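Colleague: Here you go, sequence then predicted model.
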Amino acid sequence: MCSKSPQDHPCGVQLFVIVLVLLCACFNGFAAFDIEANQSAWLSIDASPSSAKRISKAMFGISFEEINHAGAGGLWAELVNNSGFEAGGENIPSNIYPWTVLGDASQLIVSTDRSSCFERNKVALKMKVLCDSQGANICPNGGVGVYNPGFWGMNIKQGKAYRVIMYVRSLQPVDISISLRSADGSQILATSNIVSSEVTTWTKTEVMLEASGSDPNSRLQLTTTRKGVIWLDQVSAMPVETVKGHGFRNDLYQMLSDLKPGFIRFPGGSFVDGGWLRNSFNWKATVGPWEERPGHFNDVWGYWTDDRLGLFEFLQLAEDLGAMPIWVFNNGVGPNDEVNTSRISPFVQEILDGIEFSRGDSNSTWGSVRAAMGHPQPFDLRYVAIGNQDCGRFNYRGNYRKFYNAIKSAYPDIQVVSNCDGSTRPLDHPADFYDIHVYGDANSVFGAAHMFDNAIRKGPKAFVSEYAVTGNNAGRGNLLSALAQAGFLIGLERNSDVVEMASNAPLFVNDNDRSFNPDAIVFDSSRVYGTPCYYMQQFFRESNGATLLNSTINPSSLAASAVLWRSPQNGRIYLRIKVVNMGSNMVNLKILTDKLDLDVDTTDPANGGSTKTVMTATSLMDENSFNQPNKVFPVKSSLKGIVGKNMVVPISPYSLTGLDLLTKNTNAIAPLVQEFTASVFIF
């Protein structure tokens with residue numbers, strides 16, 4: 001993901017598709033797509049084995065970047081923001097925001113020092129409590145201390161349990177109240193106390209809080225009424241219920257799982273390089289105990305991350321999703337500084353160590369670190385990408401070759417992705433895949449469906465790791481942008497012999513930190529909804545590993561594809577037809593199938609019968625929201641009485657339609673989908 005909108009990004013998006021406006025200039029906007037009202041159109045499908053081709057089993061996946069607080073305050077379920085008080089960096093006084101002091105200067109003095117027991121994050125919070133429970137300077141009711149509002153509020157739910165961990169030191173006995181409270185602090189939702197005289201050295205303390213009430217904008221409060229000096233560090237509050245106990249927020253994870261992604265690309269995006277290399281993603285700083293991770297400033301998107309979502313967690317996420325992990329790593333170049341190829345060897349060794357961490361034996365140097373984190377078996381890392389959007393930088397090619405040669409020498413099976421475009425001319429360096437980012441307005445992205453029609457058919461295949469409709473007509477993710485992207489993906493399906501993988505970006509946005517619009521999934525502390533782009537991607541999830549059939553559609557205002565896929569629920573084979581109608585009129589689509597019989601007897605969808613799923617709205621500009629999360633939403637219905645030879649299906653204006661047609665002659669077409677059955681990922 002670029003740090004600016006594609007229109008003004010200085011680095012230049014590879015093969016940036018705004019130039020493709022020339023390909024669709026004849027449309028002069030989407031009004032030109034209109035055809036005569038209720039005009040008939042036709043779709044011809046050829047099911048002969050000679051014309052069929054298999055789509056990559058990882059064709060459609062997801063691209064995760066730490067942008068818009070996607071991880072910190074999002075997918076990673078940690079509730080405390082700046083839990084180690086390190087957001088100001090290593091220097092003191094540090095920036096403790098959003099921690100807030102409770103009490104005035106006559107009662108409490110709050111500062112930071114470098115007395116922590118953790119060598120990689122030495123900053124700790126120091127509270128000098130001047131008031132007491134008795135005497136001349138009595139503490140106010142409730143005590144004095146600090147509170148943390150989390151990431152725009154902590155979502156506390158009645159009856160749910162929360163684990164609070166923190167490190168404490170004091171030369172005097174302590175009596176600290178730990179409470180989860182409503183946004184204004186007036187209502188106590190859960191509380192406990194730490195009373196101890198054995199904290200003269202740094203001591204880890206843990207309490208379990210069960211909420212007696214609910215508030216999506218809660219805060220964590222730490223207070224005392226006892227005079228003395230208290231040091232605090234590494235304060236964490238996590239819901240006990242996370243995905244498989246792995247720390248992922250349940251509702252956001254479910255949104256990812258529902259996409260059935262073939263792969264997950266991580267951790268970015270521009271986040272990988274950082275604005276400056278000192279702020280790039282350093283994988284070694286993100287593994288091991290969370291308390292010992294120093295965190296870093298995400299200077300591209302402007303916020304601190306504690307790096308609780310590190311390399312280990314990304315690999316675990318991929319495994320939990322059943323998706324192939326694709327690790328994007330920094331190659332020593334970035335927007336503002338670069339490492340000369342003659343000095344790149346230490347960077348190369350860092351990545352070799354990272355691969356060993358990911359897939360090395362548990363007795364190896366870095367594999368043992370992974371094993372100590374709870375995963376003795378290697379992760380299934382098969383793909384790495386050398387850099388992000390870096391091909392045009394001075395040292396990229398030289399550095400790339402150093403990384404490529406070292407990785408292939410140590411791990412010959414790992415597939416390597418280059419940042420350089422290999423679609424129109426051969427690469428001048430070895431690669432297994434080349435990365436392309438596709439951004440533009442709706443016209444250009446819809447027209448980009450043809451960008452691989454004349455691509456080189458030999459050599460590395462394309463990885464479209466980031467695509468999106470951007471600009472004024474995209475809004476915050478409307479129907480128009482979803483339809484344009486659907487047309488683009490249909491074009492990728494048609495060219496699946498030269499396109500291996502594709503993913504939309506950005507994936508997540510916290511509604512309180514919209515650094516980039518639009519996005520697929522929108523959330524806040526307690527709610528989540530999918531944009532039309534998110535639901536558009538669900539139409540393509542059965543394409544992973546499916547068999548693409550040759551098809552032709554007329555007129556050009558429509559885009560369509562046809563694939564065969566086997567349902568894991570009933571084992572039956574379906575013909576999935578996707579149709580994008582960019583026009584404002586209804587189209588009666590006549591479907592002609594060759595060498596393919598459809599089951600006209602099984603009509604009940606509950607028994608596996610044929611269905612029609614439509615996503616449309618009253619306006620192309622319609623968007624979903626927290627108040628109307630399903631304003632633009634796929635609606636499924638039965639095709640009873642419609643399925644048959646030369647069937648006619650009405651296609652709504654401004655719509656994406658998915659037809660799942662149950663096939664009859666399973667034995668005749670089974671060889672077409674046999675590869676899919678044999679190639680499903682097993683973790």
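Modeller: Now that the structure is in, tell me what you want to look at.
Colleague: my guess is Val101 contacts Val110, does it?
Modeller: Yes: in this structure Val101 lies within contact range of Val110 using Cβ atoms under 8 Å: 5.0 Å. Backbone N, C-alpha and C define where each C-beta goes, glycine included.
Colleague: residues in contact with the residue nearest to Asn282 when sequence neighbours are not counted?
Modeller: Sequence neighbours aside, His296 is the residue nearest to Asn282 in space, at 7.2 Å (criterion: Cβ to Cβ, 6 or more residues apart in numbering). Listed by Cβ atoms under 8 Å, 6 or more residues apart in numbering, the contact set of His296 reads 274, 279, 281-282, 285, 304-305, 307.
Colleague: Nearest to Leu492 among these?
Modeller: Nearest to Leu492 among the contacts of His296, counting by Cβ to Cβ, is Phe281 at 27.8 Å.
Colleague: contacting residues around the closest one?
Modeller: By Cβ under 8 Å, 6+ apart, the neighbours of Phe281 are 267-268, 271-272, 274, 296, 329-330.
Colleague: Apply 7 Å and report the result again.
Modeller: Listed by Cβ atoms under 7 Å, 6 or more residues apart in numbering, the contact set of Phe281 reads 267, 271-272, 330.
Colleague: Separate out the buried members of those residues.
Modeller: 267, 271-272, 330 (16 or more other Cβ atoms under 10 Å).
Colleague: Next one: the residue most central in space within the chain from Trp366, what distance?
Modeller: Centroid check for the chain by Cα atoms, centre = their mean gives Phe64 as the closest residue, at 3.0 Å. According to Cβ to Cβ, to the nearest Å, Phe64 stands 23 Å off from Trp366.
Colleague: Take the buried ones among the contacts of Phe281 and keep only those in strands.
Modeller: Nothing among the buried ones among the contacts of Phe281 maps onto strands, per DSSP state E.
Colleague: which one among those gets closest to Asn646?
Modeller: Pro267 (50.2 Å).
Colleague: confidence score at that closest one?
Modeller: pLDDT recorded at Pro267 is 98.
Colleague: Excluding chain neighbours, what is closest to it?
Modeller: Leaving out its chain neighbours, Pro267 is closest to Phe281 (Cβ to Cβ, 6+ apart), at 5.4 Å.
Colleague: does that neighbour count as helix, strand or coil?
Modeller: coil (DSSP: H, G, I helix; E, B strand; the rest coil).
Colleague: State the pLDDT value of it.
Modeller: So Phe281 comes in at 97 (pLDDT).
Colleague: And the one 5 residues further on, by the same measure?
Modeller: At Thr286, the predicted lDDT confidence score is 98.
Colleague: what's near enough to touch the residue nearest to Gly268 when sequence neighbours are not counted?
Modeller: In this structure, Gly268 finds its nearest non-sequential neighbour in Glu65, 3.8 Å apart by Cβ to Cβ, 6+ apart. Listed by Cβ under 7 Å, 6+ apart, the contact partners of Glu65 are 1, 267-269, 271, 505-506.
Colleague: mind giving me TSV with those and columns for distance to Gln158?
Modeller: What follows is the contacts of Glu65, written out as TSV (distance: Cβ to Cβ, whole Å):
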residue	distance to Gln158
Met1	38
Pro267	35
Gly268	37
Gly269	37
Phe271	36
Ala505	37
Pro506	33
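Colleague: Surely Asn454 is within a helix?
Modeller: No: per three-state DSSP, Asn454 lies outside any helix segment and is coil.
Colleague: Could you check how far it is from Asp184?
Modeller: In terms of Cβ to Cβ, Asn454 sits 62 Å off from Asp184.
Colleague: Only whichever of the contacts of His296 are buried, select them in ChimeraX.
Modeller: Selection of buried members from those for ChimeraX, criterion 16+ other Cβ under 10 Å:
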select :274,279,281,282,285,304,305,307
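Colleague: Max pairwise distance over the contacts of His296: which two?
Modeller: Going by Cβ to Cβ, the pair spanning these furthest: Asn282 and Trp304, at 14.7 Å.
Colleague: This structure: helices as residue ranges?
Modeller: Taking DSSP state H as the criterion, the chain contains helices spanning 250-257, 311-321, 345-359, 367-372, 396-410, 442-447, 479-494, 532-538, 666-678.
Colleague: Mind telling me which of those the model trusts least?
Modeller: The bottom spot among the helices of the chain, by mean pLDDT, belongs to helix 666-678, with a mean of 59.
Colleague: quick one: terminal-to-terminal distance for stretch 193-211?
Modeller: Counting by Cα to Cα, to the nearest Å, you get 15 Å between the two ends of stretch 193-211.
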